[in-house]
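>>> Everything below, folded, please.
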Amino acid sequence: MAERALVLGGGGITGIAWELGMISALRELGVDLTGADLIVGTSAGSVVGAQIATGVDPQERYEAQLAPPDGELAAALGRGTMLRMGLAMIGPRDPQRVRARIGRVALRASRVPEAERIAVIGRRLPVHEWPQRALKVAAVDAHTGEFVALDRDSGVPLVEAVAASCAVPGVWPPVTTGGRRFIDGGMRSPANADLASGSDRVVVLAPLVRGFGPMVGVAAQTAQLRAAGAEVALVSPDAAALTAIGRNVLDPAHRAAAARAGRAQATAAAEAVAAVWNR
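Down below sits the predicted model:
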């Protein structure tokens, strides 16, 4: 049983920055989330989770978020993609079948070369080998809609697992690995906090908290963890952080502001997080 679990939710480029700002500042305030026995990462959270689990200094990664984008282009969910995602919600509401329909949208939509996208993720991970500590990376099978938690025993390389978890349908290509094609784990839940089931104490950092369609929201999953006896602290962006993040979470122009907002918010969040984490 994992005593302490850190759950890191999805939220695009700005979500990565906000989480790193939060984690680095909490550490300075005496709440070191990097000591988690289990780390669960979904989409953006899989990037941060892999960094933390492999021993990367969160302060160094936070400072990297402050660098200018240097020509890095913003991605976005276009109107056509949003329409196709909406149409995927029409029909039988079984969550796995809905995810399979979203997977079909993803398989048809993205024109970005898969290898190019995996290389981008690789550059975000200073360490490319699975850590010894427990790390779960959320992803969804693009063909069947099956939800999977990839780990060091899955036979999937770490970089490909993280790229799969970050494969936003209609924006980035599904990732081929382990004989399957995967899309963003956020298509099941923004944080997949239930993967921390069995842990005594859980801290959830969730840039996004609401699912759409049959996706399970973060509040419902944290309520389930509490009902099972876990102590849980949930932190999501406050009003100032939401302003800093902006409307497009895939825009690197907002990365630095989101990171600073995470650090600023940590002061207010520290007491509640410490009550769960430090006892």
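>>> how far out from the middle of the chain is stretch 46-65?
Its chain's C-alpha centre and that of stretch 46-65 lie 13 Å apart, by Cα atoms, centre = their mean, to the nearest Å.
>>> What of stretch 229-238?
Put simply, stretch 229-238 sits 15 Å off its chain's centre (Cα atoms, centre = their mean).
>>> Can you point out the buried residues in stretch 224-234?
Residues of stretch 224-234 classed as buried: 225, 230-234 (neighbour count, 16 or more other Cβ atoms under 10 Å). To be clear about C-beta, it is placed using only N, CA and C from the backbone, and glycine gets the same treatment.
>>> Among those residues, which lie within strands?
Among those, the ones falling in strands (DSSP state E) are 231-234.
>>> Relative to residue 56, which of the buried residues of stretch 224-234 is nearest.
Closest approach to residue 56 among the buried residues of stretch 224-234 (Cβ to Cβ): residue 233, at 22.8 Å.
>>> what about the residue nearest to that closest one when sequence neighbours are not counted, neighbour count?
In space, and not counting its chain neighbours, residue 233 is closest to residue 276: 4.3 Å by Cβ to Cβ, 6 or more residues apart in numbering. Using other Cβ atoms under 10 Å, residue 276 is surrounded by 19 other residues.
>>> wait, what's in contact with residue 276?
Counting by Cβ atoms under 8 Å, 6 or more residues apart in numbering, residue 276 touches 201-203, 231-233.
>>> switch to 7 Å and redo it
Going by Cβ atoms under 7 Å, 6 or more residues apart in numbering, residue 276 touches 201, 203, 231-233.
>>> what's the farthest-apart pair in these?
Going by Cβ to Cβ, the pair spanning the contacts of residue 276 furthest: 203 and 231, at 9.4 Å.
>>> hey, C-alpha coordinates of the longest strand along the chain in PDB?
Longest strand in the chain by number of residues (criterion: DSSP E): strand 134-141. C-alpha atoms of strand 134-141 as PDB (Å, rounded to 0.1, in the frame of the first residue of the first chain):
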ATOM      1  CA  ALA A 134       5.700   3.800  -8.300                       C
ATOM      2  CA  LEU A 135       4.600   6.000 -11.300                       C
ATOM      3  CA  LYS A 136       1.300   5.500 -13.100                       C
ATOM      4  CA  VAL A 137       0.700   7.300 -16.400                       C
ATOM      5  CA  ALA A 138      -2.900   7.500 -17.600                       C
ATOM      6  CA  ALA A 139      -3.800   6.900 -21.200                       C
ATOM      7  CA  VAL A 140      -6.700   5.700 -23.400                       C
ATOM      8  CA  ASP A 141      -6.600   3.100 -26.200                       C
END
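>>> ok, residues contacting that strand?
2, 37-42, 46, 49-50, 53, 99, 103, 147-151, 161-162, 164-165, 180, 182-185, 187-188, 192, 195.
>>> Out of those, which end up buried?
Taking 16+ other Cβ under 10 Å as the criterion, what is buried in the contacts of strand 134-141 is 2, 38-42, 46, 49-50, 53, 99, 103, 147-150, 161-162, 164-165, 180, 182-185, 187-188, 192, 195.
>>> if we take the contacts of residue 276, which one ends up nearest to residue 10?
Among the contacts of residue 276, and counting by Cβ to Cβ, the member closest to residue 10 is residue 203, at 16.2 Å.
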